[in-house]
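# Any chance you can model this:
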Amino acid sequence: MWHYIAKRILLFIPTLLGITLITFILMQALPGDPVQGMAGERASAETIERIRAELGQDRPLPLQYLGYLKLLAKGELGRSYYTNRKIADDLLQKFPNTLKLALAAVIFASLGGISLGVFAAMKRGTVWDKLASLISVGGISVPVFWLGLALMLIFALYLRWLPPSGMGRGDVAYLVLPAVTLGTFSMAYIARVTRSSMLESLSQPYVAAARAKGLSETTVVLKHALKNSLIPIVTLIGLDLGSYLNGAVLTETIFGWDGLGRYALDGIMKRDYPIIMGVVLFGAVVFVGMNLLVDISYHFLDPRVRVKK
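So this is what the prediction gives:
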């Protein structure tokens, strides 16, 4: 097990280097000049060149990239062009907010999706199955920005049950609308995967044997069918959580949630290259870490799965 984990971590190092190189190249392809944006339209050529030299933007691109790698080797992510704050400090400040939103969205998506998928599988071919499928298709099809605005309009402005935006002071009410908005797509997709996996499990001989023993239908469904259907479900949940932890740009922007998504968008709009690089690298580490945890969980969910050394 530990040999496998160490091997995966070592293999991630060249992947991380490739991510830094691709991100660096893509940043250079972005339209606009960050130095011009900082200096302003009326800045003189001398001022622009001075700022460019201070930021290191006057060096050849290969030297700029090597300079960034040296920063990474020291455990640093650089400083923001505009605020001069350390990127690592900003990431650590905003990540807990994104983590809170991501966990709430995944809990909503998992509970709702698995429940809906199991219900649809048990009612296969009935009107309830069709209704569950309709809900799933609707959840997948509705754009995030439209759903967020619709929920805000209904529950915040018309009914006045929940706050429209912001984070409050730790009040759970501020978390409900963004979590539902972010998790609806995943809930719908989890429901479809759960239904498909459950139908396959329910047709297996061990389920028929469990029923022949006189076990209750609840025990058959939850202990035997659902337990053996969890691997694709857990895979999807893990990938969704890893994606959410990278920051949900649309959701955080709509609801004024001060997380990694808004931070990344602000960096892109300002052409603040250190912010963009820092968020991408941080997200890559989190995503690979979540994939590793999902792979390890297979060993505990299904004893037939063994981690290869």
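# Only the buried residues of the top helix by length along the chain, if you could.
In terms of residue count, the longest helix belonging to the chain (DSSP state H) is helix 87-122. By 16 or more other Cβ atoms under 10 Å, the buried positions in helix 87-122 come out as 87, 90-91, 94-95, 97-102, 104-106, 108-110, 112-114, 116-122. C-beta here means a position set from N, CA and C on the backbone, and glycine is covered the same way.
# what separates the helix or strand of the chain with the lowest mean pLDDT from the chain centre, distance-wise?
In the chain, no helix or strand scores lower on mean pLDDT, DSSP states H and E than helix 34-39, which sits at a mean of 78. Relative to its chain's centre, helix 34-39 lies at 31 Å (Cα atoms, centre = their mean, to the nearest Å).
# by contact count, what packs against that helix?
helix 45-55 (3 or more Cβ pairs under 8 Å, 6 or more residues apart in numbering; DSSP states H and E).
# Return the mean pLDDT over the helix or strand following the helix it packs on, rounded to an integer.
Going down the chain from helix 45-55, the next helix or strand is helix 61-73, by DSSP states H and E. Averaged across helix 61-73, the pLDDT comes to 87.
# in helix 61-73, what's buried?
Here helix 61-73 shows 64, 65, 68 as buried, counting by 16+ other Cβ under 10 Å.
# quick one: which of those is nearest residue 26?
Distance to residue 26 across the buried residues of helix 61-73 (Cβ to Cβ) is lowest for residue 65, with 12.4 Å.
# Skipping adjacent residues, who's closest to that closest one in space?
For residue 65, ignoring the flanking residues on the chain, the nearest one in space by Cβ to Cβ, 6 or more residues apart in numbering is residue 24 at 5.3 Å.
# Surely that neighbour is within a helix?
Yes. Counting by DSSP: H, G, I helix; E, B strand; the rest coil, residue 24 is found in a helix.
# mind listing what it touches?
Neighbouring residues of residue 24 by Cβ atoms under 8 Å, 6 or more residues apart in numbering: 61, 64, 65, 68, 277.
# okay, the residues you listed in JSON lines with distance to residue 131 next?
What follows is the contacts of residue 24, written out as JSON lines (distance: Cβ to Cβ, whole Å):
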{"residue": "61", "distance to residue 131": "56"}
{"residue": "64", "distance to residue 131": "56"}
{"residue": "65", "distance to residue 131": "54"}
{"residue": "68", "distance to residue 131": "53"}
{"residue": "277", "distance to residue 131": "47"}
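# what sits up against stretch 10-17?
Contacts to stretch 10-17, defined as Cβ under 8 Å, 6+ apart, come from residues 69, 281, 284, 285, 288.
# if you set the cut-off to 6 Å instead, what comes out?
In this structure, residues lying in contact with stretch 10-17 by Cβ atoms under 6 Å, 6 or more residues apart in numbering are residue 288.
# repeat for stretch 184-198
For stretch 184-198, contacts defined as Cβ under 6 Å, 6+ apart pick out 109, 112-114, 116-118, 120-121, 136, 139-140, 225, 229, 232-233, 236, 240.
# part of a helix, is residue 32?
No. Residue 32 sits outside any helix when classified using three-state DSSP, being coil.
# For the nearest residue to it once chain neighbours are set aside, grab the count of nearby residues.
Leaving aside its sequence neighbours, residue 32 sits nearest to residue 271 (Cβ to Cβ, 6+ apart; 5.3 Å). Using other Cβ atoms under 10 Å, residue 271 has 20 other residues around it.
# per-residue pLDDT, residue 271?
Here the pLDDT value assigned to residue 271 is 85.
# Would you mind measuring from it to residue 277?
12 Å (Cβ to Cβ, to the nearest Å).
# Quick one: the strands in the stretch 151-300 of the chain, in order.
Using DSSP state E, counting those that start in this stretch, the stretch 151-300 of the chain contains no strands.
# which residues of it fall in helices?
Secondary structure of the stretch 151-300 of the chain by DSSP state H, counting those that start in this stretch: the helices cover 173-202, 205-212, 217-219, 230-245, 249-254, 260-270, 273-301.
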